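**Student:** Below are the sequence and a predicted model; questions follow.
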Amino acid sequence: MNVTSLSPSELIGLGDTLARAMPAFDETEQRLAVELYRELASGEPVSTTRLAARTGLPAEEVSAILGRWPGVYRDSHEAVIGFLGLTLAEMSPHRFEVGGHQLWTWCAWDSLFIPIILGKPAHVESVCAMTGAPVSMVVTPEGVGEVSPAGAVISFLRPDREFDQDVILSFCHHVLFFSSEEAGTAWAADRANAFLLSVEQGFALGRHVVEAKFGTALGAALRGSV
């Protein structure tokens, strides 16, 4: 299996499929989701009260929206510690450092698109899912750099249903970093629905999805990064 080089139209098609699999966000929910990502990136659990203060929404409305969304994880005090790809809880192997705070992402792809939402660079450290070799990179809102090893790739799946509370097992556990195309090909050999992308195409795919799902809330800041 070779790294898939998606044409612009194919990338848009895959991005649209991913966007449809994610929860539908109206303008208020987009703003709430973006603030939740950014508050989590501060390295502390996010209470409903804190999120309400950040968004200007009533706490009751914030609580009701969070209760409807899949992919929201809380601690024993009901503060949010994980949300759609980003978590404060250790979740090896995808380490995600932003602003001096150590977090984790659910899958390799999360680490490529979340910096766009945060508007901040992140240092990503992971391992090759086949060989255990280190894989690292710096991901900014504008792109991916300092990739080590230079030939690192990610595996990917086309979702066949909406993401739900099972998304970590059904999708995230199959979207991984590999130190080389050869390593990724060996892993994907017996997985008919898996394919490989370069990290640059993974970032471009994430940028399309972020624009589709959060473009209203991010506005000019997002347009300036694309």
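**Tutor:** Arrived safely, thanks for sending. Residues are numbered from 1 along each chain as shown.

**Student:** Show me the shaky parts of this structure.
**Tutor:** Counting by pLDDT under 70, the chain has low-confidence residues at 1-5, 220-226.

**Student:** would you list every one of the helices in it?
**Tutor:** According to DSSP state H, the chain carries its helices in the segments 8-21, 27-40, 48-55, 59-68, 110-118, 167-170, 181-188, 199-223.

**Student:** Go through those helices and name the closest to Met130.
**Tutor:** Checking the helices of the chain against Met130 by Cβ to Cβ gives helix 181-188 as the closest, at 4.0 Å. (C-beta placed from N, C-alpha, C; glycine too.)

**Student:** List the buried residues of the closest one.
**Tutor:** Of all the residues in helix 181-188, those buried under the rule 16 or more other Cβ atoms under 10 Å are 181, 183-185, 187-188.

**Student:** Adding distance to Pro70, write the residues you listed out as a markdown table.
**Tutor:** Formatted as a markdown table, the buried residues of helix 181-188 follow (distance: Cβ to Cβ, whole Å):
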| residue | distance to Pro70 |
| --- | --- |
| Glu181 | 33 |
| Ala183 | 31 |
| Gly184 | 28 |
| Thr185 | 32 |
| Trp187 | 27 |
| Ala188 | 27 |
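
**Student:** doesn't Gly206 make contact with Met22?
**Tutor:** No: the criterion here is Cβ atoms under 8 Å, and Met22 misses it with Gly206 at 11.9 Å.

**Student:** before we move on, back to that, return the member of the buried residues of helix 181-188 nearest to Ala41.
**Tutor:** Distances from Ala41 to the buried residues of helix 181-188, taken by Cβ to Cβ, are shortest for Gly184, at 28.7 Å.
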